[in-house]
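# Coordinates only, no sequence provided:
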Ligand code: BLA
């Protein structure tokens with residue numbers, strides 16, 4: 001794959017423009033702050049955008065472009081806690097030889113436990129998920145803990161370099177994003193304070209997970225250094241992790257506690273599992289060689 005001829009900017013452009021057809025985006029302060037983040041090597045270009053909107057707490061996008069090594073897209077949208085909307089999540093990592101892809105409407109609540117939540121948001125989307133799951137076969141064993149944050153329509157896949165696959169990926173991104181925007185349009189503001197607090201905590205748990213265990217972190221660290229990468233993770237990519245709740249990583253994920261009280265630095269304490277897609281066509285969780 002000729003990385004110089006390929007860019008994820010087209011994906012971002014589509015998503016931002018499409019969002020503007022549905023709602024009014026207002027730039028966030030973090031956009032100004034991180035707009036000009038530079039890589040230490042002077043050849044990798046980082047592009048950061050962040051907005052809010054009446055129903056959206058945080059829409060942010062980071063692309064990393066180095067035509068000699070990699071193209072990265074990290075695009076996510078979080079609703080305000082008055083909505084229990086899924087989190088739009090696109091993470092694409094592409095080198096000259098390989099792409100690693102996660103595309104999902106990440107559920108705010110674990111769908112293996114909350115059947116009502118699954119019915120509410122994913123039942124109608126199963127045909128869409130099935131269509132793309134055929135094009136993008138399951139990527140194999142994955143950090144088991146991640147599964148709680150994935151939905152029955154998640155696309156988790158890897159493929160070797162091919163323009164064809166990237167055109168398909170663009171279609172998947174477009175269709176998933178349109179589906180997500182529909183959900184936003186239909187979302188009705190929650191008035192019940194205890195529900196709103198639950199949504200807030202669920203989003204905070206998600207932010208806490210990703211800001212601690214995101215697989216992209218080592219690369220970010222290498223590119224911009226430890227302190228700036230921490231800043232990016234906490235105040236841009238997963239903004240809200242320090243402000244939306246008081247619980248710590250170990251409060252949410254006590255299984256990661258080491259004997260000395262520190263956080264286990266491994267991404268997974270259970271180990272990787274789920275050799276095959278663990279959901280059936282109806283969105284029922286069927287395991288697929290997982291731990292439970
Ligand atoms: C790998 N990224 C992965 C993997 C997953 C994800 C599941 C496979 C390895 C694993 O099982 O952990 C993505 N995991 C997610 C997402 C969630 C999750 C989206 O739990 C959400 C809940 N990826 C990026 C960025 C970079 C990146 C910004 O998003 C680089 C700057 C790189 N991801 C990247 C690399 C790998 C990877 C290099 C393979 C290396 C590895 O497995 O550690």
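That came through, no problem. For clarity, every value in this text was computed on a predicted model and none was experimentally measured.

# The helix or strand harbouring residue 14 and the ligand in contact?
If you go by DSSP states H and E, residue 14 is part of helix 9-22. No: judged by Cβ under 6 Å from any ligand atom, helix 9-22 stays clear of the ligand, getting no closer than 13.4 Å. (Each C-beta comes from the backbone N, C-alpha and C, glycine too.)

# The helix or strand following that helix - what's its average pLDDT?
Next in sequence after helix 9-22, counting helices and strands by DSSP H and E, comes strand 26-27. For strand 26-27, mean pLDDT rounds to 98.

# how long is stretch 148-157 end to end?
One end of stretch 148-157 to the other measures 17 Å (Cα to Cα, to the nearest Å).

# any idea how far the helix holding residue 14 is from the chain center?
17 Å (Cα atoms, centre = their mean, to the nearest Å).

# in it, what's buried?
In terms of neighbour count (16 or more other Cβ atoms under 10 Å), helix 9-22 has its buried residues at 11-12, 15, 19.

# Kindly report the same for stretch 272-287.
For stretch 272-287, by 16+ other Cβ under 10 Å, it's 273-274, 277-279, 283, 285.

# so what's the residue of the stretch 151-292 of the chain found nearest the ligand up against?
The ligand sits closest to residue 216 of the stretch 151-292 of the chain, with a gap of 2.4 Å, by Cβ to the nearest ligand atom. The contact partners of residue 216, by Cβ atoms under 8 Å, 6 or more residues apart in numbering, come to 72, 74, 91, 93.

# Find the helix or strand that residue 92 is a member of.
strand 87-95.

# so what's the residue nearest to the spatial centre of the chain bridging to?
Residue closest to the average C-alpha location in the chain (Cα atoms, centre = their mean): residue 89, at 3.1 Å. Bridge pairing for residue 89 (DSSP bridges) gives the partners residue 76, residue 104.

# OK, contacts around it?
Applying Cβ under 8 Å, 6+ apart to residue 89 gives the contacts 75-76, 102-106.

# repeat for residue 78
Residue 78 makes contact with 56-59, 87, 203, 240, according to Cβ under 8 Å, 6+ apart.

# How much space separates it from the ligand?
From residue 78 across to the ligand, the span is 12 Å (Cβ to the nearest ligand atom, to the nearest Å).

# Could you verify that that residue is part of a strand?
Yes: per DSSP: H, G, I helix; E, B strand; the rest coil, residue 78 lies within a strand segment.

# so how many other residues sit close to the nearest residue to it once chain neighbours are set aside?
Counting by Cβ to Cβ, 6 or more residues apart in numbering, residue 78 lies nearest to residue 58, which is 4.6 Å off, once chain neighbours are set aside. If you count neighbours by other Cβ atoms under 10 Å, residue 58 ends up with 23.

# where does the stretch 151-292 of the chain come near the ligand, residue by residue?
156, 210, 215-216, 219-220, 267, 272.
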